[in-house]
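Q: Here's my sequence, what's the structure:
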Amino acid sequence: MTPTKATCHCGAVELRVTLSDGLHSARRCDCSYCRRRGAVAVSAPLDGIRIVRGADNLALYTWGTGTAKHWFCKTCGIYTHHQRRSNPNEFGVNAGCLDGVNPRDLDPVAWSDGVNHPSDRKR
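A: Below you'll find the predicted structure:
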């Protein structure tokens, strides 16, 4: 797929994103973090994101197992992408940051069960 431009709201962060399966991978998660964030994410391989501008303006948020890594713009607070807990070998990209994409047009969007994630189960 052709790389797509993605930006935060204020434009301080710009990415070039190559998606794994276009917008077909759109989904939401109901884990405690994603449920509050509410963004639709699409998939990209680990080598599918290149930071064009604003690497120094990205902040990182992790919690729990530390597997999921969520990046957001320090200026406007918009979540741009994250390394997935469900598959650490890929990124989830905020579909709302992609040029020309309105997440509303992706409905219906599938949900992932982040509340009952296997890595959270007691062994």
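
Q: residue ranges of the helices in this structure, please?
A: 32-37 (DSSP state H).

Q: pLDDT weak spots in it?
A: Residues of the chain meeting the criterion pLDDT under 70: 1, 113-114, 117-123.

Q: one more time with 80
A: Residues of the chain that meet the criterion pLDDT under 80 lie in 1-2, 110-123.

Q: So which residues of it form strands?
A: Along the chain, the segments classed as strands by DSSP state E run 4-7, 14-17, 27-29, 41-45, 49-53, 58-61, 69-73, 79-83, 90-94, 110-112.

Q: What residues of the first one count as buried?
A: By that I understand strand 4-7. Taking 16 or more other Cβ atoms under 10 Å as the neighbour-count basis, strand 4-7 is seen to contain the buried residues 4, 6-7. In short, each C-beta sits where N, CA and C put it, glycine included.

Q: Out of the strands of the chain, which is the most enclosed?
A: Each of those was given a mean neighbour count from mean count of other Cβ atoms under 10 Å, and the largest, a mean of 25, is that of strand 90-94.

Q: Direction-wise, compare that strand with strand 79-83 and give the angle.
A: Strand 90-94 and strand 79-83 meet at an angle of 170 degrees, taking axes from the mean of the first three to the mean of the last three Cα atoms, to 10 degrees as the criterion.

Q: Neighbouring strands - and their directions - for strand 90-94?
A: Using DSSP bridges, the strands paired with strand 90-94 in its sheet are strand 41-45 (antiparallel), strand 79-83 (antiparallel).
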